[in-house]
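Asks: Okay, structure incoming, though there's no sequence with it:
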C-alpha cells in the first residue's frame, strides 16, 4: 500500500566539492573540502566525455502535444517546474553529451534563468515571458533565441503544429554560442557523487507518484536491471521519440517551493532562492532531505551538509507547497 510521507525529516550526509564549468569565475571561499575530483563530468560525476566547458540549458516543451520529446535522454540534469496552468516545462542541462537534435523548444520564464545562472549555462529558448526577456537584457545573460536573433539555428518540423514544433541541434547551439563570444570559465559546483549515494539511510521507494496540479501528475519506477528510475507522465512511460527508449535517471530530487501567480495570464513566480523540504530518491530508496540554494545551485542537504548523488543523470521536480509526493 502506498504510504504518504511528509517532507521535512532530516538526516546526516557528507559535503565535498566537485569540479564544474561555467561562464563566470567565482571568487573562492573558505576551502574545507577535500581536493577536487579530476576527470569527472561536473553534472554527473561520471568519467569525462566532453572537455568543452560550455553548458547549455534548453527549454523543452512538455505539453501533451509535444510528447514524446527528442533529446531529453542526453541531458545531464533536468528541472521540471510548472509554467502556466497545469502544464510543466523542462529546463534540460547538457554537457556530457553536447550533440544531436533536441526539442520541441519553448519559451523561458524568469525562475528558469535563476537555474541557468547558477550553472552558468547558455540558455536556448523560443522567446519568453516579459520579465524573463527583460532579465536577459538587463543582466546580459548568454542566450540563444530561436524566434528572434538566433532563429536560423532552429527549425520547425512538419509532424507537429506550432508552438510544439520548434527544434534545434546541440552542436549548432555550441557553435553559435562561440560565435557570440560566450566563452566558459572554470568554477566549482557544490556537488558530490558516490556509488551508494545516501541510500544507507533511505526507505524503500521503487514507485514514486508526484502531483503538481489536480490536472497533472508524473512518477518514476525503479528498474533494478538498469539501476535507474524510469520516468512516467500522466501514467504513461515517457520515451525518446526516435528510439522509443524510456527516459531513465539515477537520481530523482523532489522539492517543495513557494509558487505565486502574479498576472491574468497565469504566469508564476517560483522561489528557488532559499531552502525547503524534499526527498532524494536513489537506487530504489527515499532519503528525506532539505534542499538549499548554494551559489545558485539546488543541492540536497542534511543538517546543513550536502549529501552525495549517485553518478549519473539527475531529474529535479520542483512542486508547489500544496503538491503531493507518495512512494512505496
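Replies: Structure's in. What do you need? The structure presented is a predicted model; accordingly, all values stated were derived computationally and were not measured.

Asks: Going by C-alpha atoms from here, please, whenever you check contacts or count neighbours.
Replies: Noted.

Asks: Show me what the mean pLDDT comes to for stretch 225-240.
Replies: Across stretch 225-240, the average pLDDT comes to 96.

Asks: Ignore what I typed, I meant stretch 309-318.
Replies: Stretch 309-318 carries an average pLDDT of 97.

Asks: Need the residues that contact that stretch.
Replies: Contact with stretch 309-318 is made by 43-46, 75-81, 191-198, 248-257, 282, as judged by CA atoms under 8 Å, 6 or more residues apart in numbering.

Asks: how far does that stretch stretch from start to finish?
Replies: 17 Å (CA to CA, to the nearest Å).

Asks: buried residues in that stretch?
Replies: For stretch 309-318, a neighbour-count test (16 or more other CA atoms under 10 Å) marks 309, 310, 311, 312, 313, 314, 315, 316, 317, 318 as buried.

Asks: Out of those residues, list just those in strands.
Replies: 314, 315, 316, 317, 318 (DSSP state E).

Asks: can you put these in JSON lines and add distance to residue 71?
Replies: Converted to JSON lines, these look like this (distance: CA to CA, whole Å):
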{"residue": "314", "distance to residue 71": "15"}
{"residue": "315", "distance to residue 71": "14"}
{"residue": "316", "distance to residue 71": "17"}
{"residue": "317", "distance to residue 71": "18"}
{"residue": "318", "distance to residue 71": "21"}
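
Asks: Pick the one among the residues you listed closest to residue 127.
Replies: residue 318 (22.3 Å; CA to CA).

Asks: now the closest one: how far from residue 89?
Replies: In terms of CA to CA, residue 318 sits 11 Å off from residue 89.

Asks: Ok, residue 223 next?
Replies: Between residue 223 and residue 89 the distance, using CA to CA, works out to 25 Å.

Asks: higher neighbour count, the two?
Replies: residue 89 (23 against 15; other CA atoms under 10 Å).

Asks: and the more buried one, what element?
Replies: For residue 89, the host element (DSSP states H and E) is strand 88-94.

Asks: Paired strands for the helix or strand following that strand, with orientation please.
Replies: From strand 88-94 onward toward the C-terminus, using DSSP H and E, the following helix or strand is strand 101-102. Strand pairing for strand 101-102, using DSSP bridges, gives strand 166-169 (antiparallel).

Asks: got the buried residues for the partner strand?
Replies: Residues of strand 166-169 classed as buried by neighbour count (16+ other CA under 10 Å): 166, 167, 168, 169.

Asks: Could I get the contacting residues of the nearest residue to residue 327 once chain neighbours are set aside?
Replies: Excluding the flanking residues, the one nearest residue 327 by CA to CA, 6 or more residues apart in numbering is residue 208, at 4.4 Å. Residues counted as contacts of residue 208 (CA under 8 Å, 6+ apart) are 219, 220, 221, 325, 326, 327, 328.
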